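Asks: got a predicted model here, sequence first, then my questions.
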Amino acid sequence: TFTMDALPGSPQIQNLIPTTFFKTDAWAAPWLGTIGAVFIFVSGMTYLEWRRRRAAAAGEGYGVAHTHEPEPQPDEKLPHPLLAILPLVVVIAGTILFKMLILRCYGASYELRMAGMAKPIVTEISTVSTIWAVEAALIVGILLAVVTAFPRVRAKFAEGTRTAIGGSLLASMNTASEYGFGAVIAALPGFMLIQSALKAIPNPLINEAVTVTTLAGVTGSASGGLSIALAAMADQFVAAAQAAQLPLEVLHRVASMASGGMDTLPHNGAVITLLAVTGLTHKTSYKDIFAITCIKTVAVFVVIAVYYATGLK
């Protein structure tokens with residue numbers, strides 16, 4: 001999705017993982033991120049509209065026997081749109097505010113001392129401040145959403161909670177299993193061959209983009225591929241970027257966007273969850289998922305080209 005890793009300030013984990021390795025924040029390279037998001041949105045919607053027209057011309061409709069369809073509520077009074085957007089605004093503002101407070105309260109580092117420990121655990125705050133800030137902001141946003149929506153969901157709160165927990169467990173277990181699968185792949189000798197081959201790409205940004213999206217495809221997980229790639233090669237990426245005088249903010253945005261490219265292959269946890277929730281199959285749906293995957297993969301190279309052509313970040 002164009003919001004997952006391209007839009008600056010996104011609280012998605014794919015936008016937060018690079019902050020630990022590059023000491024950046026969730027707003028890294030805002031212009032490049034916005035350009036990438038616009039490209040993904042316009043290209044994706046153009047393709048989907050073209051597919052919709054073809055389906056309509058072929059006489060295809062919405063279909064029947066879908067699972068997990070919400071019950072129509074024709075008489076339901078919806079909340080004001082601004083009230084629905086408010087939690088999102090709170091998350092964005094809260095991320096900025098909490099990061100400032102965390103840096104002010106903890107300083108450069110934090111030491112955890114416990115009985116029986118030979119030495120304290122030292123945490124460099126600059127590597128975790130963005131993640132902590134986003135987590136705090138999300139908690140506030142969730143609480144606000146619960147408070148503002150509770151009068152409308154009170155009657156079906158128990159039933160809705162059961163459905164929500166079931167859906168969240170399905171998504172969590174699918175993602176966790178793919179992450180574990182990726183960790184096993186990363187431990188195999190063949191993975192080392194892939195990693196060595198990718199090091200041969202001379203351009204730092206293209207090297208990073210190809211490496212991250214390849215590993216995301218191998219592991220079937222955007223966050224898994226990104227974590228594995230940066231854990232193994234972040235120092236190499238930083239050294240190459242410094243040698244080429246490239247800002248680390250650009251490195252962050254390229255890595256984040258690349259992770260959301262070839263990750264959505266058939267074994268991806270999000271794809272499996274999507275098909276399970278909609279009651280569809282790979283046979284009927286994956287060709288369109290793959291088309292969007294290709295558009296998403298191209299987007300990171302469009303952003304790289306824009307950076308080299310304009311110097312925007």
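Replies: Alright, I've got the coordinates.

Asks: what's around residue 99, how many residues?
Replies: Neighbourhood size, residue 99 [other CB atoms under 10 Å]: 21. (C-beta placed from N, C-alpha, C; glycine too.)

Asks: these two touch, right, it and residue 130?
Replies: Yes - contact between residue 99 and residue 130 holds when scored by CB atoms under 8 Å: they sit 6.2 Å apart.

Asks: common neighbours of these two, please.
Replies: By CB atoms under 8 Å, 6 or more residues apart in numbering, residue 99 and residue 130 have these common neighbours: residue 25.

Asks: so where is the stretch 201-313 of the chain shaky, pLDDT-wise?
Replies: Under the criterion pLDDT under 70, no range of the stretch 201-313 of the chain is flagged.

Asks: helices along that one, start to end?
Replies: For the stretch 201-313 of the chain, the helices defined by DSSP state H, counting those that start in this stretch cover 204-219, 222-243, 248-259, 269-278, 282-310.

Asks: could you identify which of the ones you listed is most buried?
Replies: Most buried of the helices of the stretch 201-313 of the chain, by mean neighbour count (mean count of other CB atoms under 10 Å): helix 248-259, with a mean of 28.

Asks: check contacts around residue 295.
Replies: 40, 43-44, 47.

Asks: in strands only, show me the residues you listed.
Replies: Within the contacts of residue 295, no residue falls in strands by DSSP state E.

Asks: gap between stretch 53-60 and the chain center?
Replies: Centroid displacement of stretch 53-60 relative to its chain, using CA atoms, centre = their mean, to the nearest Å, is 32 Å.

Asks: scratch that, stretch 121-137 is what I was asking about
Replies: With CA atoms, centre = their mean, you get 18 Å for stretch 121-137.

Asks: can you count the residues close to residue 110?
Replies: 15.

Asks: just the element for it, please.
Replies: Assigned by DSSP states H and E, residue 110 belongs to strand 109-112.

Asks: other SSEs contacting that strand?
Replies: strand 121-124 (3 or more CB pairs under 8 Å, 6 or more residues apart in numbering; DSSP states H and E).

Asks: send the alpha carbons of the strand it packs on over as CSV?
Replies: What follows is strand 121-124, C-alpha atoms only, in CSV (Å, rounded to 0.1, in the frame of the first residue of the first chain):
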residue,chain,number,x,y,z
ILE,A,121,22.1,-2.7,29.9
VAL,A,122,22.8,0.5,28.0
THR,A,123,20.2,1.6,25.4
GLU,A,124,21.1,4.4,22.9
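
Asks: what does it contact?
Replies: Against strand 121-124 from outside (CB under 8 Å, 6+ apart): 108-112.

Asks: go again using 7 Å as the cut-off
Replies: 109-112 (CB atoms under 7 Å, 6 or more residues apart in numbering).

Asks: what pLDDT, on average, does it get?
Replies: Per-residue pLDDT over strand 121-124 has a mean of 82.

Asks: repeat for stretch 49-68
Replies: Here the average pLDDT along stretch 49-68 is 81.

Asks: weed out the non-buried ones from the contacts of residue 295.
Replies: Taking 16 or more other CB atoms under 10 Å as the criterion, what is buried in the contacts of residue 295 is 40, 43-44.

Asks: ok, of those, which one's closest to residue 162?
Replies: residue 44 (33.2 Å; CB to CB).

Asks: which of the contacts of residue 295 sits closest to residue 53?
Replies: Among the contacts of residue 295, and counting by CB to CB, the member closest to residue 53 is residue 47, at 11.0 Å.

Asks: so who does that closest one touch?
Replies: 291-292, 295.

Asks: reformat those residues into JSON lines and put distance to residue 164 next to each item.
Replies: Listed next are the contacts of residue 47 as JSON lines, based on distance: CB to CB, whole Å:
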{"residue": "291", "distance to residue 164": "31"}
{"residue": "292", "distance to residue 164": "26"}
{"residue": "295", "distance to residue 164": "31"}
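
Asks: coming back round to it: which of the contacts of strand 121-124 tops the neighbour count?
Replies: Per-residue neighbour counts (other CB under 10 Å) across the contacts of strand 121-124 peak at residue 110, which has 15 neighbours.

Asks: once you drop chain neighbours, what's closest to that residue?
Replies: residue 123 (4.8 Å; CB to CB, 6 or more residues apart in numbering).

Asks: so which of the buried ones among the contacts of residue 295 sit within helices?
Replies: If you go by DSSP state H, these have 40, 43-44 in helices.

Asks: would JSON lines of the contacts of strand 121-124 with distance to residue 300 and pLDDT be doable?
Replies: What follows is these, written out as JSON lines (distance: CB to CB, whole Å; pLDDT from 0 to 100):
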{"residue": "109", "distance to residue 300": "33", "pLDDT": "82"}
{"residue": "110", "distance to residue 300": "34", "pLDDT": "80"}
{"residue": "111", "distance to residue 300": "38", "pLDDT": "81"}
{"residue": "112", "distance to residue 300": "37", "pLDDT": "79"}
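
Asks: and which of those residues is nearest residue 75?
Replies: residue 110 (53.4 Å).
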